[in-house]
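Engineer: attaching a predicted model along with its sequence, questions to come.
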Amino acid sequence: MSLSYQSTRGGEAGVTASQAILKGLADDGGLFMPTTIPALDVPVERLAGMTYQETAYEVMKLFLTDFTEEELKGCIEKAYDSKFDTEEIAPLAKADGAYFLELYHGSTIAFKDMALSILPHLMTTAAKKNHVDQEIVILTATSGDTGKAAMAGFADVPGTRIIVFYPKDGVSKVQELQMRTQKGENTSVVAIHGNFDDAQTGVKKIFADKDLAAELADRGFQFSSANSINIGRLVPQIVYYVYAYAKLFENGEIEKDETINVTVPTGNFGNILAAYFAKRMGLPIKTLICASNDNKVLYDFFTTGTYDRKREFILTNSPSMDILISSNLERLIYLSAGCDASVSAALMRELSENGSYTVTDEMRRFMEDFVGGYADQKQNADTIRRIFKDTGYLVDTHTGVAAAVYYDYANRTGDTAKTVIASTASPFKFSRSVMEAVQGADETGAMDEFAVVDALSSLSGVPVPQAVEEIRTAPVRHNLECDVDRMKDTVKGILKI
């Protein structure tokens with residue numbers, strides 16, 4: 001069955017999957033959504049025996065219906081290979097009464113690898129299918145992980161260039177070094193003087209600039225996105241929730257059709273939305289626990305029905321969640337309005353103009369599968385320390401937020417359903433914050449970043465990941481910086497137009 005895509009704001013419809021992947025963002029600023037969320041047509045008994053790659057094909061073929069079997073299997077094969085340090089690709093670790101879905105075994109040790117390993121292959125295949133002869137310029141804002149994972153995916157891919165903007169003081173030292181040492185003649189990294197929301201808003205403005213698009217086309221370029229607004233990012237993320245459920249069943253941890261909960265640390269709302277898509281496809285998920293840090297805009301939204309970005313932006317030690325404008329929430333808003341694009345368009349306009357919007361009671365009832373929670377930095381550190389002390393299992397600062405929120409939820413509600421926690425980054429990506437959580441700030445104060453990495457390895461007995469070893473001695477290749485209002489000029493400078 002063929003599946004088409006339409007904009008959450010109503011300006012485009014009848015778009016194929018490959019066209020939606022190529023464009024990234026709809027012309028009206030909306031996000032592409034499938035006309036229907038397809039049902040998973042493979043029983044769990046069969047899924048249980050499948051590899052990650054086989055599971056990926058069964059899920060993704062339902063959404064990417066204009067890709068042939070050969071094309072899609074080729075993309076999957078190239079994506080999920082020896083770049084990952086485990087054959088399982090996304091292993092489950094049972095610890096402290098929960099199941100931690102380790103999404104950080106790819107080349108940049110963060111969950112973004114799960115989708116960004118395949119996106120370049122989907123995009124170059126889509127370009128061939130649609131006879132695109134222009135060079136694709138991937139333009140991306142990052143809160144730390146997307147940028148590096150996207151650059152690693154697109155580095156030296158023929159017919160593409162990639163430009164990444166990140167907040168200068170809003171990422172960890174390891175995240176920054178990973179980006180600034182990135183190889184590839186087609187890669188560019190720019191530190192902006194602002195926060196992630198400034199970077200994301202600036203990128204969206206550049207996408208919406210019709211004059212710039214025409215200028216680019218004249219020079220043989222077209223923009224696309226590697227952010228989670230791209231449906232080519234969202235669809236691969238559904239796979240690991242299906243895979244995790246099948247593995248729980250295969251390992252005898254759950255009965256057939258037993259419902260589970262899923263807890264996700266989230267900022268831009270893409271990762272938890274993928275879990276919701278899996279639920280809508282038929283996966284037996286009961287509650288989606290949306291975990292926020294001190295920037296608790298999503299917690300407030302699910303608690304009150306009002307989304308309000310007019311608040312202090314707090315820099316935390318879980319920087320990938322330091323976000324006040326959760327772009328992917330627009331897709332849930334659209335669904336909750338009965339796919340009435342005029343409703344989501346009006347609410348997004350309100351957010352842009354007034355900084356807030358409020359959904360109806362009916363829309364809130366539609367979203368009852370979601371529960372919001374948040375953990376501040378102390379609760380996060382306490383949870384990381386306690387899990388390590390009690391079990392020897394080490395989690396990063398984003399997974400720490402998710403775990404803290406999950407345990408609070410379970411204690412408050414008495415909900416005993418088995419729960420998968422999305423473990424979104426290696427502890428070594430945030431080694432100083434993790435060491436401070438486990439041993440106290442005094443222990444790490446004077447140590448440089450790599451001394452902390454080595455101390456964390458020694459303490460945990462876990463080898464330093466290759467992705468961190470690589471940047472110890474790698475030369476810095478990227479030094480560009482700009483003010484927020486110079487982002488467009490900076491892009492033009494990089495492309496020499």
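Structural biologist: It's in.

Engineer: show me what contacts residue 196?
Structural biologist: 141, 142, 143, 166, 167, 170, 267, 319, 322, 323 (CB atoms under 8 Å, 6 or more residues apart in numbering). Just so you know, the C-beta spots here come from the backbone N, C-alpha and C atoms, and that holds for glycine as well.

Engineer: any idea how many residues pack against the residue nearest to residue 121 when sequence neighbours are not counted?
Structural biologist: Leaving aside its sequence neighbours, residue 121 sits nearest to residue 75 (CB to CB, 6 or more residues apart in numbering; 3.9 Å). By the other CB atoms under 10 Å criterion, the neighbourhood of residue 75 contains 27 residues.

Engineer: state the pLDDT value of residue 75.
Structural biologist: pLDDT recorded at residue 75 is 97.

Engineer: what's the spacing between it and residue 119?
Structural biologist: 9 Å (CB to CB, to the nearest Å).

Engineer: kindly report the same for residue 226.
Structural biologist: Relative to residue 119, and taking CB to CB, residue 226 is found at 6 Å.

Engineer: now the common contact residues for these two.
Structural biologist: 150, 153, 233.

Engineer: list the beta-bridge partners for residue 191.
Structural biologist: residue 166, residue 481 (DSSP bridges).

Engineer: and residue 447, what pLDDT?
Structural biologist: 88.

Engineer: tally of neighbours for it?
Structural biologist: Counted with other CB under 10 Å, residue 447 comes out at 15.

Engineer: residues in contact with it?
Structural biologist: residue 455.

Engineer: just the contacts of residue 196: which are in helices?
Structural biologist: Using DSSP state H, no member of the contacts of residue 196 falls within helices.

Engineer: ok so residue 286 is a helix residue?
Structural biologist: No. Using DSSP: H, G, I helix; E, B strand; the rest coil, the assignment for residue 286 is strand, not a helix.

Engineer: so it touches residue 418, yeah?
Structural biologist: No. Using CB atoms under 8 Å, residue 286 is not in contact with residue 418, being 9.9 Å away.

Engineer: tell me, what's touching those two both at once?
Structural biologist: 260, 261.

Engineer: hmm, back to that, looking at the contacts of residue 196, which gets the smallest pLDDT?
Structural biologist: residue 143 (85).

Engineer: for it, give me its contacts.
Structural biologist: 166, 167, 170, 171, 196, 267, 268, 319, 320, 321, 322, 323.

Engineer: for it, which non-adjacent residue is closest in space?
Structural biologist: Residue 143 sits nearest to residue 196 (CB to CB, 6+ apart), 4.2 Å away.

Engineer: so how far is residue 482 from the one you found?
Structural biologist: 15 Å.

Engineer: what packs against the helix or strand residue 411 falls within?
Structural biologist: Secondary structure from DSSP states H and E places residue 411 in helix 397-413. When contacts are defined as 3 or more CB pairs under 8 Å, 6 or more residues apart in numbering; DSSP states H and E, helix 397-413 packs onto strand 98-102, strand 260-265, strand 285-292, strand 370-374, helix 377-391, strand 419-423, helix 431-439.

Engineer: just checking, what packs against the first one?
Structural biologist: What it means is strand 98-102. Right, strand 98-102 is packed against strand 92-95, helix 231-250, helix 397-413, strand 419-423 by 3+ CB pairs under 8 Å, 6+ apart.

Engineer: would you point to the one among those that's packed deepest?
Structural biologist: Counting by mean count of other CB atoms under 10 Å, strand 419-423 has the highest mean neighbour count of the helices and strands packed on strand 98-102, with a mean of 26.

Engineer: strand partners (parallel or antiparallel) of that strand?
Structural biologist: Per DSSP bridges, strand 419-423 is paired in its sheet with strand 98-102 (parallel), strand 260-265 (parallel).

Engineer: what would the ones you listed look like in JSON lines with mean neighbour count?
Structural biologist: Formatted as JSON lines, the strands paired with strand 419-423 follow (neighbours: other CB atoms under 10 Å):
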{"stretch": "strand 98-102", "mean neighbour count": "23"}
{"stretch": "strand 260-265", "mean neighbour count": "27"}
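
Engineer: check which residues of the one helix or strand residue 353 maps to are buried.
Structural biologist: Taking DSSP H and E as the definition, residue 353 sits inside helix 341-354. Residues 341, 343, 344, 345, 347, 348, 351 are the ones in helix 341-354 that count as buried (16 or more other CB atoms under 10 Å).

Engineer: circling back to that earlier point, which one (most neighbours) among the contacts of residue 143?
Structural biologist: Ranking the contacts of residue 143 using other CB under 10 Å puts residue 320 first, with 31 neighbours.

Engineer: tell me the contacts of that one?
Structural biologist: By CB under 8 Å, 6+ apart, the neighbours of residue 320 are 110, 143, 144, 145, 267, 398, 424, 425.

Engineer: now, which of those residues sits nearest residue 12?
Structural biologist: Closest approach between the contacts of residue 320 and residue 12, by CB to CB: residue 267, at 26.7 Å.

Engineer: just to check, that closest one is in contact with residue 328?
Structural biologist: No. Using CB under 8 Å, residue 267 is not in contact with residue 328; the gap is 9.8 Å.

Engineer: so where's the stretch 301-450 of the chain uncertain?
Structural biologist: For the stretch 301-450 of the chain, applying pLDDT under 70 flags no range at all.

Engineer: go with 80
Structural biologist: 441-445 (pLDDT under 80).

Engineer: the residue nearest to residue 121 sits in which helix or strand?
Structural biologist: Assigned by DSSP H and E, residue 75 falls in helix 69-79.

Engineer: which residues does that helix contact?
Structural biologist: 53, 56-57, 60-61, 64, 67, 117-118, 121-122, 125, 129, 236.

Engineer: angle of that helix against helix 231-250?
Structural biologist: Angle of helix 69-79 versus helix 231-250, following axes from the mean of the first three to the mean of the last three CA atoms, to 10 degrees, is 80 degrees.

Engineer: buried stuff in helix 69-79?
Structural biologist: Those buried within helix 69-79 under the rule 16+ other CB under 10 Å are 71, 72, 73, 75, 76, 79.

Engineer: same check on stretch 198-217?
Structural biologist: Those would be 198, 199, 200, 201, 202, 203, 204, 206, 207, 212, 213, 216, for stretch 198-217 by 16+ other CB under 10 Å.

Engineer: closest to residue 477 out of those residues?
Structural biologist: Nearest to residue 477 among the buried residues of stretch 198-217, with distances taken as CB to CB, is residue 199, at 19.9 Å.

Engineer: which ones are touching that closest one?
Structural biologist: 141, 142, 165, 166, 167, 192, 484, 487.

Engineer: how about JSON lines for those, with distance to residue 409 added?
Structural biologist: JSON lines is the format used below for the contacts of residue 199 (distance: CB to CB, whole Å):
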{"residue": "141", "distance to residue 409": "30"}
{"residue": "142", "distance to residue 409": "29"}
{"residue": "165", "distance to residue 409": "35"}
{"residue": "166", "distance to residue 409": "32"}
{"residue": "167", "distance to residue 409": "30"}
{"residue": "192", "distance to residue 409": "35"}
{"residue": "484", "distance to residue 409": "37"}
{"residue": "487", "distance to residue 409": "39"}
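
Engineer: if anything else comes up later, I'll come back, but that's it for now.
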